[in-house]
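**Q** Below is the sequence, then the predicted model.
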Amino acid sequence: MKIELEQNKVFFKNGSEKKEIHPFWLRERVNGEEYLDKGTQQRLFDPTFLNNDISINKANISENFLEINFNDGVNSKLEIEKITSEFSKEDVVIKSIEKQKWDSSLKNIKNFKFQENFYDSREMYELLVSFYKYGFVIIKDVPSTKNYIVDFANSIGSVRRTNFGEYFDVKSKPDPNDLAYTSLALAPHTDNPYRNPVPCIQLLHCIESKVTGGLSTLVDGFTVTEDLKKENPDFYKILTEVKVRFRFIDKEVILETICPLIELDENNSFKQVRFSPRLDYVPILDKEKLDLYYQARKKLSEMYNSEKYRIEFKLKPKDLMMMDNHRLLHGRTSYETKEGERYLQGCYIDYDSSEGKLRHLKRKFNL
Ligand SMILES: [Fe+2]
């Protein structure tokens, strides 16, 4: 990628493609100290107040800079590298971390260990990269007193509070408003599919685990989706198309959203899965279409619940698991309440937290 000049016009050259850069686009990016606040990188002027009729009187390339005199009397020296980096439409920091497909054969995934100054460390950067690769990460030795999970979440970004509170206690209790608060097994599911937007990342922190059973289970929804697409394209297609109503009701609130079980992004690539078959309601469709939908959902459920895709492990006290609730499904095996206590605390954060931290650490360590 290159910048070229021709008769006071600036061109962006990428391979055989050559396009003129709009003078206004360059004018918006003037960076002298009277135009740009160095700390925040926010403009000190409002470009919507400028005359649209901006042109270039003189342009010059010297080493790594593009020097421009605009027709409104403003001069600027722009870093060429910064200009070219803007021509990549994708978020290079996050998108450059390729998702790794995994199933029950997943082995030797790195666990991280909580330590002093953890949140601003190189270790935290590695942790976040691993999180984006696999969709989950486990951190050992995280302090487990005084609801420390909230401090943990707020040190990466900000807790995403829900109607379950800032954090929630996962243990069996009388008169529960969700099956999570019983000792029953929980099949693989995503949390809160009825919420808009769905919380992105769930943190689960083990405080106590004195029971047999109660293993945590994880399934990679990304792997299952990709396999379904290959093996059963018709099932894949209908599950990406049919929008289903997810609803949560208790005495305080009715939460509802209407979305497909497999959601794709604007490039028709994997974006998000939602799966919680105790609270999804498909609309009335043609019988043939519903026939296909029910077969597809059954197949999807069989895949999510099959041993082929599931990993199981026991969280020990002070273990904190961070998992992508848009990508992974989680569950647990049942346990016996008479034996002792199984007590986890959970909370959510959103992608702005993990992404913001990751970009910051990349900048800090010059990576
Ligand atoms: Fe859950």
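**A** Perfect, thanks for sending it. Keep in mind that this is a model prediction, so the values were computed, not measured. Residues are numbered from 1 along each chain as shown.
**Q** Which residue comes closest to residue 85 once chain neighbours are left out?
**A** Once flanking residues are discounted, residue 85 sits nearest to residue 92: 7.7 Å by CB to CB, 6 or more residues apart in numbering. For every residue, glycine as well, the C-beta is placed using N, CA and C.
**Q** How about residue 8?
**A** Using CB to CB, 6+ apart, the nearest residue to residue 8 is residue 56, at 4.8 Å.
**Q** Could you list every helix and strand in contact with the helix or strand bottoming out on mean pLDDT in the chain?
**A** The weakest-scoring helix or strand in the chain, judged by mean pLDDT, DSSP states H and E, is helix 92-95 (a mean of 85). With contacts defined as 3 or more CB pairs under 8 Å, 6 or more residues apart in numbering; DSSP states H and E, helix 92-95 has these neighbours: helix 351-364.
**Q** Quick check: buried residues in the helix it packs on?
**A** Residues of helix 351-364 classed as buried: 351, 353-355, 357-358, 361 (neighbour count, 16 or more other CB atoms under 10 Å).
**Q** Take these and lay them out in JSON lines including distance to residue 199 and pLDDT.
**A** Shown next, in JSON lines, are the buried residues of helix 351-364 (distance: CB to CB, whole Å; pLDDT from 0 to 100):
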{"residue": "351", "distance to residue 199": "10", "pLDDT": "97"}
{"residue": "353", "distance to residue 199": "11", "pLDDT": "97"}
{"residue": "354", "distance to residue 199": "12", "pLDDT": "97"}
{"residue": "355", "distance to residue 199": "15", "pLDDT": "97"}
{"residue": "357", "distance to residue 199": "17", "pLDDT": "98"}
{"residue": "358", "distance to residue 199": "18", "pLDDT": "97"}
{"residue": "361", "distance to residue 199": "23", "pLDDT": "97"}
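**Q** nearest to residue 46, of these?
**A** residue 355 (27.4 Å; CB to CB).
**Q** OK, contacts around that closest one?
**A** By CB atoms under 8 Å, 6 or more residues apart in numbering, residue 355 lies in contact with 91, 93-94.
**Q** and if we set it to 10 Å?
**A** By CB atoms under 10 Å, 6 or more residues apart in numbering, the contact list for residue 355 reads 91, 93-94, 128, 132, 157, 200.
**Q** end-to-end on stretch 261-277?
**A** End-to-end distance for stretch 261-277, by CA to CA, to the nearest Å: 10 Å.
**Q** any chance you could map the strands in the stretch 51-200 of the chain?
**A** Taking DSSP state E, counting those that start in this stretch, the strands of the stretch 51-200 of the chain run over residues 56-62, 65-70, 75-79, 112-113, 136-140, 168-170, 186-189.
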